[in-house]
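In: Build me a model from this:
(one chain, ligands or ions: 1)
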Amino acid sequence: MASSTSSLLFKLTAFTLCFWVLFGTTSGQLSANFYAKTCPNFRSVITRAVNSAVSSEARMGASLLRLHFHDCFVNGCDGSVLLDDNSTFTGEKTAGPNSGSIRGFNVIDTIKTQLESQCPGVVSCADILAAAARDAVVALSGPSWGAVFGRRDSTTASLSAANSNLPGPGSSLSGLISSFSNKGFTANEMIALSGSHSIGQARCTVFRNRLYNDNNINASFAATLQPNCPTSGGDNNLSPLDLASPTTFDNKYYNNLISQSGLLHSDQELFNGGSADAQVRTYASNQATFFRDFGNAMVKMGNLSPLTGSSGQVRTNCRKVN
Ligand code: HEM
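Out: Here you go, the predicted model:
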């Protein structure tokens, strides 16, 4: 009896240990405490810099969130989006989805400089992007999530992968579903991640067609935006992706979709009589559910093909290979 109890106890302990090792603070090969010994203050350095950047300009929070997305969807979360062109490759910054709109590089440079002076060669640029994205969402009143670290940086970047892997503003619902499913995401996760458009801005050139040619657009919403985005000219004029609360991360984005006031054609595709409508209604009426699903999907996004172990490198300057 005593021996069967102790064998059961042994099995239970072994199971708990395995469970903890697999699911406790790790996610894939990344972990929450990756820099605990090598750069214990890295979180506070990043949080301070992000808070300061967001308090100078709220939109910067959105720009930092987008940088992490555009990093992860192009050959994994490897800091490739940060690389400038060099003699061996043309980087991702001039790809269609990035050119003229991707921003936040100076904030990442500032963080990197501070971290290099505290713990030289330790914290990767890809991890800075992941931490900054979470801090940015929190700074704009959004949810936090269990970010994990240990990514390393790529030694190359891909203009063509950036052009083909990032979804465009003219996408249909099925196009959106398939571009996220190519990265392992469900349609519901895509709908949750699209809630990122609760913050930030877009250029007239990416929503002009919607203002003048879409028929599922609220007439007074279109009329409000048209003066700043005429049929020709003003390509770089900006409008908030969420006119209802442009600098607060919340679920108003989904309510906008229900009233046909999504800014991008691709946004409104999520509520256009199709299979995504029910999920949009759920998020529109329940912010806590949106926050929970968004956080889980961000953890999953941050796990897209990271370089770990001895792959890649920790760049000392995020814009250049060492
Ligand atoms: C669902 C497919 C998506 C499409 C088609 C899309 C497209 C776009 C476009 C066209 C812009 C404006 C760019 C410009 O002005 O040229 C934009 C901005 C933005 N996107 Fe997305 N996006 C998508 C998903 C996401 C996801 C998953 C995230 C984050 C996890 C994200 C975060 C943002 C943010 C925060 C901005 C505003 C950036 C700023 O103000 O600097 N987007 N997106």
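In: which ones are touching the nearest residue to L241 once chain neighbours are set aside?
Out: With CB to CB, 6 or more residues apart in numbering as the criterion, L241 has its nearest non-adjacent residue at 4.1 Å, and that residue is H197. To be clear about C-beta, it is placed using only N, CA and C from the backbone, and glycine gets the same treatment. Contact analysis of H197 by CB atoms under 8 Å, 6 or more residues apart in numbering lists 241-242, 253, 262-264, 267.
In: show me which of these neighbour the ligand.
Out: Near the ligand, judged by CB under 6 Å from any ligand atom, the entries from those are 241, 264.
In: Please parse the protein into its domains.
Out: Per automatic domain parsing, the structural domains of the chain span 42-166, 173-300.
In: just these: most buried one?
Out: domain 42-166 (a mean of 21; mean count of other CB atoms under 10 Å).
In: quick one on the thing from earlier: do you know the pLDDT at the residue nearest to L241?
Out: Listed pLDDT for H197 reads 98.
In: secondary structure class for it?
Out: Classification of H197 using DSSP: H, G, I helix; E, B strand; the rest coil returns helix.
In: Alongside the ligand, which residues does this protein contribute?
Out: Residues of the chain lying near the ligand (CB under 6 Å from any ligand atom): 59, 62-63, 65-66, 69, 101, 103, 167-169, 171, 176, 193-194, 196-197, 199-203, 206, 241, 264, 266.
In: Mind checking which of those land in helices?
Out: Counted as lying in helices by DSSP state H, out of the residues of the chain next to the ligand, are 59, 62-63, 65-66, 69, 176, 193-194, 206, 266.
In: Among the residues you listed, which pair sits farthest apart?
Out: Among these, the pair separated by the greatest distance (CB to CB) is R59 and L176, at 23.7 Å.
In: gap between stretch 156-171 and the chain center?
Out: From the chain centre to the centre of stretch 156-171 is a distance of 15 Å (CA atoms, centre = their mean, to the nearest Å).
In: Span of it from start to end?
Out: The stretch stretch 156-171 measures 28 Å between its terminal residues, going by CA to CA, to the nearest Å.
In: One more: stretch 170-184?
Out: 22 Å.
In: tell me the mean pLDDT over that stretch?
Out: 98.
In: Same check on stretch 239-253?
Out: The model assigns stretch 239-253 a mean pLDDT of 98.
In: Going forward, count from 7.
Out: Renumbered: residue one is now 7, and that last one reads stretch 245-259.
In: How far off centre is that stretch?
Out: 16 Å.
In: Also stretch 321-328?
Out: Taking mean C-alpha positions (CA atoms, centre = their mean), stretch 321-328 and its chain are 21 Å apart.
In: could you dump that stretch to PDB, C-alpha only?
Out: Provided in PDB are the C-alpha atoms of stretch 321-328 (Å, rounded to 0.1, in the frame of the first residue of the first chain):
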ATOM      1  CA  ARG A 321      22.900  42.400 -33.200                       C
ATOM      2  CA  THR A 322      24.600  45.300 -31.500                       C
ATOM      3  CA  ASN A 323      23.000  47.800 -33.800                       C
ATOM      4  CA  CYS A 324      19.400  46.700 -34.900                       C
ATOM      5  CA  ARG A 325      19.900  48.300 -38.300                       C
ATOM      6  CA  LYS A 326      23.000  46.300 -39.200                       C
ATOM      7  CA  VAL A 327      24.300  42.800 -39.200                       C
ATOM      8  CA  ASN A 328      27.300  42.500 -36.700                       C
END
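In: Show me the contact partners of it.
Out: Contacts for stretch 321-328 (CB under 8 Å, 6+ apart): 85, 88-90, 92, 111, 114-115, 118, 122, 126-127, 130-131, 134, 159, 161-162, 319.
In: What residues sit buried inside it?
Out: Across stretch 321-328, burial judged by 16 or more other CB atoms under 10 Å covers 321-322, 324-325, 327.
In: Tabulate those (a markdown table), appending pLDDT.
Out: Below are the buried residues of stretch 321-328 laid out as a markdown table (pLDDT from 0 to 100):
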| residue | pLDDT |
| --- | --- |
| R321 | 98 |
| T322 | 98 |
| C324 | 98 |
| R325 | 98 |
| V327 | 98 |
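In: Make TSV from these and add secondary structure and distance to D283 to it.
Out: Shown next, in TSV, are these (DSSP: H, G, I helix; E, B strand; the rest coil; distance: CB to CB, whole Å):
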residue	secondary structure	distance to D283
R321	coil	43
T322	coil	48
C324	coil	40
R325	coil	43
V327	coil	46
